[in-house]
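In: just a sequence and a predicted model for now, questions to come.
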Amino acid sequence: MTDHLLAEPTTPPDVVTPELELAGVDKVYSSRRGSTEALRGIDLRVAAGEFVALVGRSGCGKTTLLRILAGLLPPTGGDVRAGGRPVWRGGRRDEETVSRFGLVFQEPNLFPWFTIEDNVALPLKLRGTDRATRRARAHELCELVGLGGFEKSLPRELSGGMRQRAAIARALSCDPSVLLMDEPFGALDALTRDRMNLELQSIASSTGATVVFVTHSIPEAVFLADRVVLLSPRPGRIHSVTDVDLARPRELEIDVEPAFRETVRALRAGLDEEDTKRSGAGPWEED
Amino acid sequence: MEQRGNLAKWLPWVSAPVLLILLVIVWSLVVSVFGVSEFVLPAPSAVAASLGELVVDPATWGHVQVTVTEVLSGFAIALVLGVLGGVVLGRIAWLEVAMRPALVAFQVVPKVALIPIFVIWFGFGLTSKVIMAAILAFFPILLNVLLGVRSVDRGHRDVMRGLGASRWSTFRNLELPSTLPYVFAGMEVAIVFSVIGAIVGEYLGGNEGLGFLVVSSLNALDAPALFAVIVLLAAVGSVLFFAVNLAKRLVIPWHESVSEKEFA
């Protein structure tokens, strides 16, 4: 088993049992008008504590891939495992496996009828944790994501960035070993986004969680990730996997360092190479 | 911002009485200047005098009680059936499609035209009016609940699915609170419609209720009394509407429709 893993080119040498493992994952969407192949033959292993970014243009299947990983969407083929256990058994997901995940979506998706505190503690409530423990934990998490003092506020009273922090706090409330994030900062302005990236880095390192982070921003991916997985579209496949050898903790100013710029440049080139291969999309068509 | 918020709070309390006083002044002037016959448009003072007599008469409150009973019974029936129907049709798509022609057909029928039928079936008592109030109130509740059940946010559903929430937890924490604003929107329309149903029912048959009082004032050619009963009806309708509105404020204080509206 170990030998087999080590032989894989996308696996870092220190991996023994991958936290997440995708093998030959396919996804075909079928509708009356025909079928669309969203993903083809995705193989990926993510080590415990590793931060992996999935990057690609819109329509390359990165969100589909994350939803399959999260147990929200069944794959049409292949094997998905977390901590060695399958996420999907036939068409049904394994609840126990999935319970180790924390999910953050593009939208904060906070419930407007709950206070920030109740939103953050929702996962605990569903697990039957008592009220006092929930409140204490919510308070702790609000402090962690910089929302101390807003526990009793309603989501509509908070800014977009603050709501997304609350969503992250909610994802963390059950001490997930894996954080799955789908363009969580996509809707935020550039300055807020920078700050959120810094905070996410420190949260990831302090919790030791494995993170899979979907984004369409290459600099964001390079800033955050240990490895950047570039997906190419129609059907979604892995184009390349790039190691990011930059020391942590990383500061925002890292974007002027040659190593950072070189990695970003190489990834852009990979993306453009994909574009020139297909006549449809121009090289600068972002998103 | 702060000042504007305050303005939105106190302005209606000033504007409403001012508008009312203006109306009464214009009304008095029209009556005295043009010498309008009392039967066509009685002076505000005559209406006020009539209203005074009406209010001190214990029989009036008996009629109010009858009408309110009819309205609330009809409303309660409509609420229960409307919510049940809305949830069932909202959940079972094929059933909604199957029921749609029947719903549309029943909705376009002028339902007050059905009252004579109910009088034949249920007599001149409370029952025919309660049914009328219930039928009028039923559709706004049904349609709003149907819409509410369908409108549960997909992202919110993903959150609950991601957390492996049970059906009951999903209902309790997501579907119910998410649908409640629609239920209350339907209820606010429905309470007004119930009043209409009960009053029209009373016009057509029986010898009780404010609708009957309207008809008997008309038969007595007592225009001031007629106007006074209408004022009383407006007051009863307003109290009922604000009761529903208050319930909404208490149950869903988090919803946008409840928060203080500011000027754009």
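Out: Structure's in. What do you need?

In: in three-state terms, label B:F39 for me.
Out: Of the three states, B:F39 takes coil according to DSSP: H, G, I helix; E, B strand; the rest coil.

In: which residue comes closest to it once chain neighbours are left out?
Out: The shortest distance from B:F39 to any non-neighbouring residue, by C-beta to C-beta, 6 or more residues apart in numbering or on different chains, is to B:A223 (5.0 Å). Backbone N, C-alpha and C define where each C-beta goes, glycine included.

In: next, the buried residues of the helix or strand of chain B with the lowest mean pLDDT.
Out: One helix or strand of chain B scores below all others by mean pLDDT, DSSP states H and E: helix B:2-34, with a mean of 84. Within helix B:2-34, the residues that count as buried by 16 or more other C-beta atoms under 10 Å in any protein chain shown are B:W27, B:V31.

In: which residues does the residue nearest the centre of chain A contact?
Out: Central residue of chain A (C-alpha atoms, centre = their mean): A:F213, 2.5 Å from the mean position. Residues near A:F213 by C-beta atoms under 8 Å, 6 or more residues apart in numbering or on different chains: A:F51, A:V52, A:A53, A:L54, A:M181, A:P184, A:A221, A:L224, A:A225.

In: so the second one sits in a strand?
Out: Same thing as A:V52. Yes - membership of A:V52 in a strand is supported by three-state DSSP.

In: surely it meets A:V229?
Out: Yes - using C-beta atoms under 8 Å, A:V52 is in contact with A:V229, at 6.1 Å.

In: overlap in contacts, these two.
Out: Common neighbours of A:V52 and A:V229 (C-beta under 8 Å, 6+ apart) are A:L44.

In: next SSE after the helix or strand containing A:F223?
Out: In this structure, A:F223 sits in helix A:218-224 according to DSSP states H and E. Next helix or strand after helix A:218-224 toward the C-terminus (DSSP H and E): strand A:227-232.

In: find the residue closest to B:G74 in space, skipping its chain neighbours.
Out: Spatial nearest neighbour of B:G74, chain neighbours left out: B:A133 (2.5 Å); criterion: C-beta to C-beta, 6+ apart.

In: if I look at the one you found, how far off is A:S232?
Out: Distance from B:A133 to A:S232, counting by C-beta to C-beta, to the nearest Å: 64 Å.

In: what residues of the lengthiest helix in chain A count as buried?
Out: Among the segments of chain A that qualify as a helix by DSSP state H, the longest is helix A:258-277. Judged by neighbour count using 16+ other C-beta under 10 Å, the buried positions of helix A:258-277 are A:F260, A:T263, A:V264, A:A266, A:L267, A:G270, A:L271, A:E274, A:D275.

In: going by distance to A:D243, which of these wins?
Out: A:T263 (8.7 Å; C-beta to C-beta).

In: circling back: tell me which residues in the next helix or strand after the least confident helix or strand of chain B are buried?
Out: Where DSSP H and E defines the elements, the next helix or strand beyond helix B:2-34 is helix B:44-56. Residues of helix B:44-56 classed as buried: B:P44, B:A46, B:V47, B:A48, B:S50, B:L51, B:L54 (neighbour count, 16+ other C-beta under 10 Å).
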